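# could you look at this predicted model? Sequence included:
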Amino acid sequence: MVAISKASIPRLGLGMAALGRPGYINLNRATTLGSAGNNNGARDVQFMQEKANQVLDEAFRLGMSWIDCARSYGLSEKFVGEYLRSRNISPDDAYVSSKWGYTYVADWNVSLPEGQPHEVKDHSVETFLRQLDETVECLGEYVRLYQIHSATFESGVLTNAKTLAALEECKLTKGWAIGLSVSSPKQGDVLREAMKIQMQSSTGDDEQPLFDSVQCTYNLLEQKAGDALLEAHNSGMSIIVKEGLANGRVLSNPLLLEACKRSDWKSVSEGREVTPDALALACILAQPFGLSVL
């Protein structure tokens, strides 16, 4: 296995949102995991960990060594940490990113009564420090990138001096890259605001950007943040695209399905069938952002 540069995020990665907890928003989830009700043993922890291990085995077999977790993705950090150690995978041979800012509160239920959240958002410094310790316990030596989960203007995280100072301290003492994920229709505006935040360099001589990367929704159905992503790329930030398949919605898009039938694809696909997921991801990878895709 080829060692990965600490500075570079691989082109393709595996997001653990749908593998670290029993309930998630992906379409057709029951096709893979079976139907499940609450508290009946279906999709229990052991079952989900076995499914996660199967997918991780296949990812590493294919050379995909970047894994993206979050504190709110159920037991994703625990699953990944245990997997990497059980397979004796060196930290040099894996790129693990994770996120803080949401706390998983669904207690391993697939669904909850209407109005009850599966996760609770809090971007205070207290939550950051608590979840940082939890991430270190689960993933420790494997972490390369730590991200604010869903930074918004409303959460106040980009103006919270204590939280920003703690992020800076984490970057300087642990050597991790620091990033943010963005969501909502204002994700481009949030990204531009984040790009303005500076920190002292490790030498103390000058300032440098606090955020090394951004994780942003971009797919065939949602491209509003495109201009902001190009600006971020040009400024030196690493660009990560999340929801590249729109949680499965693009896979049934009539225009995409029709495009897959074009006969001229065979000239660039070595005769292989072009599938909707491959074409959707290829369209994203062709963007000028120099991006990585989950």
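Right, received. Where do you want to start? Numbering: from 1, shown residues only.
# the stretch 151-294 of the chain: helices as residue ranges?
Taking DSSP state H, counting those that start in this stretch as the test, the helices found in the stretch 151-294 of the chain are 161-174, 187-194, 226-235, 254-259, 276-285.
# which of these sits most buried?
Comparing these by mean neighbour count (mean count of other Cβ atoms under 10 Å), helix 187-194 comes out on top with a mean of 20. (C-beta placed from N, C-alpha, C; glycine too.)
# I'd like the mean pLDDT over that helix, please.
Averaged across helix 187-194, the pLDDT comes to 98.
# and the contacts of it?
Applying Cβ atoms under 8 Å, 6 or more residues apart in numbering, the contact partners of helix 187-194 are 151-153, 158, 180, 182, 184, 210-211, 214, 216-217, 224-225, 227-229, 231-232.
# number of residues surrounding the closest residue to H233 other than its chain neighbours?
Leaving aside its sequence neighbours, H233 sits nearest to F289 (Cβ to Cβ, 6 or more residues apart in numbering; 4.5 Å). Applying other Cβ atoms under 10 Å, we find 24 residues neighbouring F289.
# for F289, give its distance to E231.
10 Å (Cβ to Cβ, to the nearest Å).
# repeat that for R144.
R144 sits 24 Å away from E231, going by Cβ to Cβ.
# then E134?
Distance, E134 to E231, by Cβ to Cβ: 33 Å.
# need the longest strand for this structure.
Longest strand of the chain, by residue count under DSSP state E: strand 143-151.
# and that strand, how far from the chain's centre?
The chain centre lies 8 Å from the centre of strand 143-151; the measure is Cα atoms, centre = their mean, to the nearest Å.
# counting by contacts, list what that strand packs against.
With contacts defined as 3 or more Cβ pairs under 8 Å, 6 or more residues apart in numbering; DSSP states H and E, strand 143-151 has these neighbours: strand 95-100, helix 125-139, helix 161-174, strand 177-182, strand 213-217.
# mind doing that once more with 7 Å?
Applying 3 or more Cβ pairs under 7 Å, 6 or more residues apart in numbering; DSSP states H and E, one finds that strand 143-151 contacts strand 95-100, strand 177-182.
# so where's the stretch 1-150 of the chain uncertain?
1-7, 25-30, 35-41 (pLDDT under 70).
# returning to that earlier point: minimum distance to T127: which of the helices and strands packed on strand 143-151 has it?
Closest approach to T127 among the helices and strands packed on strand 143-151 is made by strand 95-100 (7.1 Å; Cβ to Cβ).
# CA atoms of the longest strand of the chain as PDB?
Extracted in PDB, the C-alpha atoms of strand 143-151 (Å, rounded to 0.1, in the frame of the first residue of the first chain):
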ATOM      1  CA  VAL A 143      -6.800  11.700  12.100                       C
ATOM      2  CA  ARG A 144      -5.500  14.100   9.500                       C
ATOM      3  CA  LEU A 145      -8.400  16.600   9.100                       C
ATOM      4  CA  TYR A 146     -10.900  17.900  11.700                       C
ATOM      5  CA  GLN A 147     -13.900  19.900  10.500                       C
ATOM      6  CA  ILE A 148     -16.700  22.000  11.900                       C
ATOM      7  CA  HIS A 149     -19.800  20.100  11.100                       C
ATOM      8  CA  SER A 150     -22.300  22.400   9.200                       C
ATOM      9  CA  ALA A 151     -21.000  25.800   9.900                       C
END
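# tilt between that strand and helix 187-194?
Strand 143-151 runs at 120 degrees relative to helix 187-194, counting by axes from the mean of the first three to the mean of the last three Cα atoms, to 10 degrees.
# that older thread, can you put the helices and strands packed on strand 143-151 in a markdown table and add distance to I284?
Below are these laid out as a markdown table (distance: least, Cβ to Cβ, whole Å):
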| stretch | distance to I284 |
| --- | --- |
| strand 95-100 | 18 |
| strand 177-182 | 16 |
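# including mean neighbour count and distance to E169, could these go into a markdown table?
Converted to a markdown table, those look like this (neighbours: other Cβ atoms under 10 Å; distance: least, Cβ to Cβ, whole Å):
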| stretch | mean neighbour count | distance to E169 |
| --- | --- | --- |
| strand 95-100 | 26 | 14 |
| strand 177-182 | 23 | 10 |
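# which stretch among those strands comes nearest W265?
strand 95-100 (30.6 Å).
# quick one: strands adjacent to the helix or strand that the closest one is followed by?
Remark: after strand 95-100, the chain's next helix or strand is strand 102-104, criterion DSSP states H and E. Paired neighbours of strand 102-104 in the sheet (DSSP bridges): strand 119-121 (antiparallel).
# what residues sit buried inside the strand it pairs with?
With burial defined by 16 or more other Cβ atoms under 10 Å, the residues of strand 119-121 counted as buried are 119, 121.
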